[in-house]
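J.: Predicted model and sequence follow; I will ask about them next.
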Amino acid sequence: MLLLQRRRNESVVIYPDGDEESPMVIRVCEALPTGDVTLGFMGDGYTVVRSEIYGCKEKKTKEGNKNEDSKISGYYS
């Protein structure tokens with residue numbers, strides 16, 4: 001896991017390995033003294049799902065076994 005500190009209006013750019021033409025920009029839009037942060041996501045061809053919703057879904061592998069990587073911890077969300 002990579003942990004970064006970002007201030008208001010600073011961003012992080014991510015892209016699939018080997019495909020720098022498909023970036024997603026994640027920008028800190030607002031940071032409140034209470035610790036709440038508003039993030040903005042910009043990028044075509046991506047689906048953004050909150051971890052508390054994604055974590056409720058259990059994905060199965062082709063063999064029918066539970067995929068341990070299918071759940072994302074909400075601790076860092």
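T.: Yes, it's here.
J.: show me the contacts for residue 30.
T.: Shown in contact with residue 30 (CB atoms under 8 Å, 6 or more residues apart in numbering): 8, 37, 38. C-beta coordinates here come from the backbone N, C-alpha and C atoms, glycine included.
J.: Against residue 40, how distant is it?
T.: 9 Å (CB to CB, to the nearest Å).
J.: With adjacent residues omitted, what lies nearest to residue 10?
T.: Closest residue in space to residue 10, ignoring its immediate chain neighbours: residue 28 at 5.7 Å, by CB to CB, 6 or more residues apart in numbering.
J.: I'd like to know how many residues surround the one you found.
T.: When neighbours are counted by other CB atoms under 10 Å, residue 28 registers 17.
J.: same thing with residue 43?
T.: When neighbours are counted by other CB under 10 Å, residue 43 registers 14.
J.: In this structure it contacts residue 24, no?
T.: Yes: in this structure residue 43 lies within contact range of residue 24 using CB atoms under 8 Å: 3.2 Å.
J.: Hmm, residue 38 is touching residue 29, no?
T.: Yes: with contact defined as CB under 8 Å, residue 38 reaches residue 29; the gap is 4.5 Å.
J.: Would you quantify the distance from the closest residue to residue 15 other than its chain neighbours to residue 37?
T.: Spatial nearest neighbour of residue 15, excluding adjacent residues (CB to CB, 6+ apart): residue 23 at 4.6 Å. Separation of residue 23 from residue 37 (CB to CB) stands at 21 Å.
J.: for this structure, which residue is closest to the average position?
T.: residue 48 (6.9 Å; CA atoms, centre = their mean).
J.: got a pLDDT number for it?
T.: pLDDT, residue 48: 86.
J.: For it, give me its contacts.
T.: Counting by CB under 8 Å, 6+ apart, residue 48 has contacts residue 41.
J.: Looking at the protein, which strand is longest?
T.: strand 24-31 (DSSP state E).
J.: Could you pull out the buried residues of the lowest-mean-pLDDT helix or strand in the chain?
T.: When each helix and strand of the chain is scored by mean pLDDT, DSSP states H and E, helix 51-54 comes last, with a mean of 83. Neighbour-count burial for helix 51-54, with 16 or more other CB atoms under 10 Å as criterion, is recorded at residue 54.
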